[in-house]
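A.B. asks: Next one to model:
(3 chains)
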Amino acid sequence: MELKFDPKDPKYEYIQDLKALDKALEELEKCRAIGVDVEATGLDAFNDILLTVQIGSPEKSYIIDVRDIDLKSCPRYKELLENPKVIKILQNGKFDYKYLKYQTGADITNIYDTMLAEGVLTAGLGSGYFSLEDMAMRYCDVQLNKSVRKQFENVANIKTKRFNKEQLVYAALDTLVLFPILDEQLLKLKKENLVNIAKLEFAATKVVAEMEYRGIRIDVEKWRGIIEDLKKKRDVHATNFYDTIRDFYQSNRIDLFGAKVPPININSQVQIMDLFNNRLHLGIPSTGDAILAMVQHPVAAMLRDYRKYEKLISAFGESLLEKVNKKTGRLHPEFNQMGAATGRFSCENPNLQQIPRISEEVPFRQCFIPAPGFKLVTADYSSMEMRILADLSGDEKFIKALKDGLDVHSYTASLMFGLEFSKDFKNKYPDKRQAAKTINFGLVYGMGPRSLAAQIGVTPEEGKEYMDRYFQLYPSIRSFLNKMAKDAVRNGWSQTPAGRKRWYKLPDPDDPDYKKKIGSIERQAKNHPIQGTNADATKYALVFLHDRVKKEGVEGGLTHTVHDEIVMEIRNDQAEDWSKIQCEEMCRAAELFLKKVPVAADVFIGDVWEH
DNA sequence: AGAGGTGGTG
DNA sequence: CATGCACCACCTCT
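C.D. replies: Purely as a prediction, here's the structure:
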């Protein structure tokens, strides 16, 4: 590839005064697209220090030292970055977005994100994270020197120390390589018909950046109260456990203060296996909860009780509170747009998508609260995956049930077990409904008769019978799922109606695990269009909602999303009206793909996160 | 440092 | 032959 810069000696300008900045901006304003990158002392846009902002044309990079120049008092800079007509090319743009918003006062628009583009082009094959170093090497044979980035992190005398040539070259290349990478990616995106999905991801990345920036408030005292309560309960179960097993161990050690020392580490899977198999002779294959539930010995129950509390304390305890940002006093979880191969978001630091559902004992979700004067508006799609399955398979019975507003699990059960359908089916035949629900969901995951039988507690033969009966009821569902599986194995990829692709590493025919691997791909491919369409709809909804907030002049914004649920923080007096708009926009997004079945979303307005 | 086990969510 | 999808956090053990 012909590069417009020399990787050994790139053209750049180190900008340290307003006059030079003005001249640079004049050049940059002529560009249709500019490359943007920042260097900072760390990853936290609120607490770490922004050092440089690099803005580049395809040929030249301008490195603005923000210790010398206050970009907040430079409207021309802000106008450039906020100009919707200029494409801003970034690598993992939401990282830079937050720095630029907080420390330079600019909200970038019209982002092309090289990392997201790569994610869209290789979904299912990689981790979802692609470093600029890898891409620069792969696409344009340019070696970026990673170790130089470290130098930015430990700048002693941060106020005064100037950058060396090596650092400046590195900073310059970071914007220059973006252009050839974009050129190559664009060819591939067009070839794979992924332009629309890439556009969706690019539109979403600004929205996600704003969502991360806003974050969410947490009631720390209430959270601590729950944890303390859980710790007390956990300790009771731990003591019971230790007292019961102590006789099976030789040493009854006493510590310096006369307290009994636990004979084993209760958290050690290895030591628990030793206890159950070598000392209690119970012969368990693993220590998972499903196994322990079947073990008659009282120690098993004690361990299960202990684990229930220990899990909550370790995963959601003090460690989550440590993530409260010092500057904002709020949690700012990170949402990875390509976190799942299906197109779903993943979430980390902390993962708000795995906070336990609300219960008497563990009301964790009630600790998530809006700012004073605001409400949390929580809306989730109703039976979204069932609706998608109905729509994509085109199954007439299933579609009619949804059109008639029936509970699909009850309806399925009534057909499968020859029972009369009624409004109170759920109460009359809860077991039958649960069995049908297991099948409905299991199929979306490509489940087989054996695990179905295990789940609903019948023999494998009966499990097979249930599945046969189910598919006789809904013949189009069987043919749809089979087609998805077959196409994926033939093509090496599967696709959602929105055009999102997921690739598969097809095994070598000589692979000893060939059938196992093909089976796995088939199950993933059956699930992909369903889970993926849900993700596509939610992403469109996020973009719609963000635009609508601006259009309506509503004060507030997005706080987080959990796959089929979107939570927003909206000013008290506007929350009621907004809740209707939020449902409307979510439905409008889903209706882009679902034409045969109605879409519905339920909404809640509250002073806590609940639904 | 990374793998494996366990368990929380949709 | 094996046989339910998609994640992340925490723990122990190597």
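A.B. asks: can you pull the contacts of the residue nearest the centre of chain A?
C.D. replies: Central residue of chain A (C-alpha atoms, centre = their mean): residue A:346, 1.6 Å from the mean position. Contacts of residue A:346 were listed using C-beta atoms under 8 Å, 6 or more residues apart in numbering, and they are A:128, A:335, A:336, A:339, A:340, A:353. For glycine as for every other residue, the C-beta is placed from the backbone atoms N, C-alpha and C.
A.B. asks: Can I get stretch A:435-455 in PDB, CA atoms only?
C.D. replies: The C-alpha trace of stretch A:435-455 is given here as PDB (Å, rounded to 0.1, in the frame of the first residue of the first chain):
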ATOM      1  CA  ALA A 435     -41.700 -27.000  31.000                       C
ATOM      2  CA  ALA A 436     -42.800 -25.200  27.900                       C
ATOM      3  CA  LYS A 437     -40.800 -22.100  29.000                       C
ATOM      4  CA  THR A 438     -37.700 -24.300  29.300                       C
ATOM      5  CA  ILE A 439     -38.200 -25.600  25.800                       C
ATOM      6  CA  ASN A 440     -39.000 -22.200  24.300                       C
ATOM      7  CA  PHE A 441     -35.800 -20.800  25.800                       C
ATOM      8  CA  GLY A 442     -33.700 -23.900  25.400                       C
ATOM      9  CA  LEU A 443     -34.300 -24.000  21.700                       C
ATOM     10  CA  VAL A 444     -33.100 -20.500  21.300                       C
ATOM     11  CA  TYR A 445     -29.800 -21.900  22.600                       C
ATOM     12  CA  GLY A 446     -29.900 -25.000  20.400                       C
ATOM     13  CA  MET A 447     -30.600 -27.300  23.300                       C
ATOM     14  CA  GLY A 448     -30.800 -31.100  22.800                       C
ATOM     15  CA  PRO A 449     -33.300 -33.600  24.200                       C
ATOM     16  CA  ARG A 450     -30.900 -34.900  26.900                       C
ATOM     17  CA  SER A 451     -30.300 -31.600  28.700                       C
ATOM     18  CA  LEU A 452     -34.000 -30.700  28.200                       C
ATOM     19  CA  ALA A 453     -34.900 -33.900  30.000                       C
ATOM     20  CA  ALA A 454     -32.500 -33.100  32.800                       C
ATOM     21  CA  GLN A 455     -33.900 -29.600  33.100                       C
END
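A.B. asks: close to DNA strand B, is that stretch?
C.D. replies: No: contact of stretch A:435-455 with DNA strand B (C-beta under 7 Å from any atom of the strand) is absent, the minimum separation being 7.8 Å.
A.B. asks: what's the offset of that stretch from the middle of its chain?
C.D. replies: 25 Å (C-alpha atoms, centre = their mean, to the nearest Å).
A.B. asks: likewise stretch A:274-281?
C.D. replies: The answer for stretch A:274-281 is 40 Å, by C-alpha atoms, centre = their mean.
A.B. asks: who's in contact with that stretch?
C.D. replies: With contacts defined as C-beta under 8 Å, 6+ apart, stretch A:274-281 is touched by A:245, A:248, A:249, A:264, A:282, A:283, A:284, A:287, A:295, A:297, A:299, A:300.
A.B. asks: a markdown table for the residues you listed, including neighbour count, secondary structure and pLDDT?
C.D. replies: Below are those laid out as a markdown table (neighbours: other C-beta atoms under 10 Å; DSSP: H, G, I helix; E, B strand; the rest coil; pLDDT from 0 to 100):
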| residue | neighbour count | secondary structure | pLDDT |
| --- | --- | --- | --- |
| A:245 | 21 | helix | 93 |
| A:248 | 14 | helix | 92 |
| A:249 | 14 | coil | 90 |
| A:264 | 18 | coil | 93 |
| A:282 | 16 | coil | 93 |
| A:283 | 8 | coil | 92 |
| A:284 | 18 | coil | 92 |
| A:287 | 20 | coil | 94 |
| A:295 | 18 | coil | 92 |
| A:297 | 15 | coil | 95 |
| A:299 | 20 | helix | 95 |
| A:300 | 22 | helix | 95 |
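A.B. asks: which one of those residues is nearest residue A:483?
C.D. replies: Taking C-beta to C-beta as the measure, residue A:287 is the one of the contacts of stretch A:274-281 closest to residue A:483, at 40.7 Å.
A.B. asks: just to revisit the earlier point, and DNA strand C, which of the contacts of stretch A:274-281 reach it?
C.D. replies: Among these, no residue sits close to DNA strand C (C-beta under 7 Å from any atom of the strand).
A.B. asks: Name the nearest of these relative to DNA strand B.
C.D. replies: Proximity of the contacts of stretch A:274-281 to DNA strand B, judged by C-beta to the nearest atom of the strand, is greatest for residue A:287, which lies at 3.4 Å.
A.B. asks: Not counting sequence-adjacent ones, nearest residue to the closest one?
C.D. replies: residue A:272 (4.8 Å; C-beta to C-beta, 6 or more residues apart in numbering).
A.B. asks: Repeat that for residue A:13.
C.D. replies: residue A:62 (5.2 Å).
A.B. asks: Tell me the helix or strand right after the helix or strand where the one you found lies.
C.D. replies: Counting by DSSP states H and E, the element that carries residue A:62 is strand A:60-65. Later in the chain than strand A:60-65, the nearest helix or strand by DSSP H and E is helix A:75-82.
A.B. asks: Next SSE downstream of that following helix?
C.D. replies: Of the helices and strands lying after helix A:75-82 in sequence (DSSP H and E), the nearest is strand A:87-90.
A.B. asks: Need the CA coordinates for that next one. CSV is fine.
C.D. replies: Extracted C-alpha coordinates of strand A:87-90, given in CSV (Å, rounded to 0.1, in the frame of the first residue of the first chain):
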residue,chain,number,x,y,z
ILE,A,87,-15.3,12.7,9.9
LYS,A,88,-13.2,12.0,13.0
ILE,A,89,-11.2,8.8,12.8
LEU,A,90,-10.3,7.4,16.2
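A.B. asks: Just say helix, strand or coil for residue A:558.
C.D. replies: Secondary structure for residue A:558, judged by DSSP: H, G, I helix; E, B strand; the rest coil, is strand.
A.B. asks: In what element of secondary structure is the nearest residue to it once chain neighbours are set aside found?
C.D. replies: Counting by C-beta to C-beta, 6+ apart, residue A:558 lies nearest to residue A:211, which is 4.2 Å off, once chain neighbours are set aside. Using DSSP H and E, residue A:211 falls within helix A:195-214.
A.B. asks: Show me what the very next helix or strand once past that helix is in contact with.
C.D. replies: Next along the chain after helix A:195-214, taking DSSP H and E as the criterion, comes strand A:217-218. Contacts to strand A:217-218, defined as C-beta under 8 Å, 6+ apart, come from residues A:320, A:321, A:324, A:329, A:330, A:331, A:367, A:368, A:369, A:370, A:371.
A.B. asks: out of the contacts of residue A:346, who has the most neighbours?
C.D. replies: Counting neighbours by other C-beta atoms under 10 Å, residue A:335 comes out on top of the contacts of residue A:346 with 24 neighbours.
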